[in-house]
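Enquirer: Provide a 3D model corresponding to the input given below.
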Amino acid sequence: MKFTIVFAGLLGVFLAPALADYNINVNDDNNNAGSGQQSVSVNNEHNVANVDNNNGWNSWNSIWDYGNGFAATRLFQKKICIVHKMNKEVLPSIQSLDALVKEKKLQGKGPGGPPPKGLMYSVNPNKVDDLSKLGVNIANMCRGIPTYMAEEMQGASLLFYSEKCFTTNILWIVNISFCGEKVEY
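Expert: The predicted model follows:
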């Protein structure tokens, strides 16, 4: 009996890291208070990546559901969710993101490579009625809070855009801006 318990314990110790999701933490020195932190979790089994940006009232959470092609960002200060189609030409594949996380190439001050790519979305002011059509992962994250769809604006620039925008800078890979009356501060 003791052998079984010891064996099960050792199996758990050695097997847990192999089955775990990969995570990475990145400190944000450009944050006003200097205390922001971003973390990424890649779950290959469910084909989902989760990005958490912890920065007080400016905190947000984003989920990229590669299985259904949608991404959602929850803005905690505004208490809203914004959902958009994933632009697979700009966002890294889950395999690329997973490789960056595993290799810990995103640690520290950034990869030192080219500047991040940018995406700009216009947020539709009408609430989403049925979250289930966006997939179970996004429905679970956005359940109970107002959720809005956003459309990508091709060739748009923040310099010439008249509405307020909220920008998420994701691990020196991509900057995503959400613009419209629902995200004004």
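Enquirer: Stretch 139-156: which residues count as buried?
Expert: If you call a residue buried by 16 or more other Cβ atoms under 10 Å, then stretch 139-156 has these buried ones: 139, 141-142, 147-150, 156. C-betas here are computed from N, CA, C, even on glycine.
Enquirer: Next: stretch 84-101.
Expert: 84, 86-87, 91-92, 94, 97-98, 100-101.
Enquirer: Out of the residues you listed, which comes closest to residue 60?
Expert: Relative to residue 60, the closest of these is residue 84; by Cβ to Cβ it sits at 13.8 Å.
Enquirer: Could you look up the SS state of the closest one?
Expert: For residue 84, the reduced secondary structure class is strand; criterion used: DSSP: H, G, I helix; E, B strand; the rest coil.
Enquirer: so residue 171 touches residue 51, yeah?
Expert: Yes - here residue 171 lies in contact with residue 51, judged by Cβ atoms under 8 Å, at a distance of 7.2 Å.
Enquirer: got any residues that touch both of the two?
Expert: Counting by Cβ atoms under 8 Å, 6 or more residues apart in numbering, the common neighbours of residue 171 and residue 51 are 38, 40.
Enquirer: Tell me where the model's unsure across the chain.
Expert: Judged against pLDDT under 70, the low-scoring parts of the chain cover residues 1-36, 101-114, 156-163, 184-185.
Enquirer: measure stretch 125-142 end to end?
Expert: Taking Cα to Cα, to the nearest Å, the first and last residues of stretch 125-142 lie 16 Å apart.
Enquirer: Just the buried residues of it, please?
Expert: The neighbour-count check on stretch 125-142 (16+ other Cβ under 10 Å) flags 128, 131, 134-135, 137-139, 141-142 as buried.
Enquirer: Of these, which is the nearest to residue 69?
Expert: residue 135 (8.9 Å).
Enquirer: List the contacts of the closest one.
Expert: For residue 135, the residues meeting the contact criterion (Cβ under 8 Å, 6+ apart) are 65, 67-68, 70.
Enquirer: Swap in 10 Å and give it another go.
Expert: With Cβ atoms under 10 Å, 6 or more residues apart in numbering as the criterion, the residues that contact residue 135 are 48, 63, 65, 67-70, 72, 83, 141.
Enquirer: now, among the residues you listed, which is nearest to residue 122?
Expert: For residue 122, the nearest member of the contacts of residue 135 is residue 83. The distance, counting by Cβ to Cβ, is 13.0 Å.
Enquirer: Hmm, residue 137 and the closest one touching each other?
Expert: No - counting by Cβ atoms under 10 Å, residue 137 is not a contact partner of residue 83; they are 11.1 Å apart.
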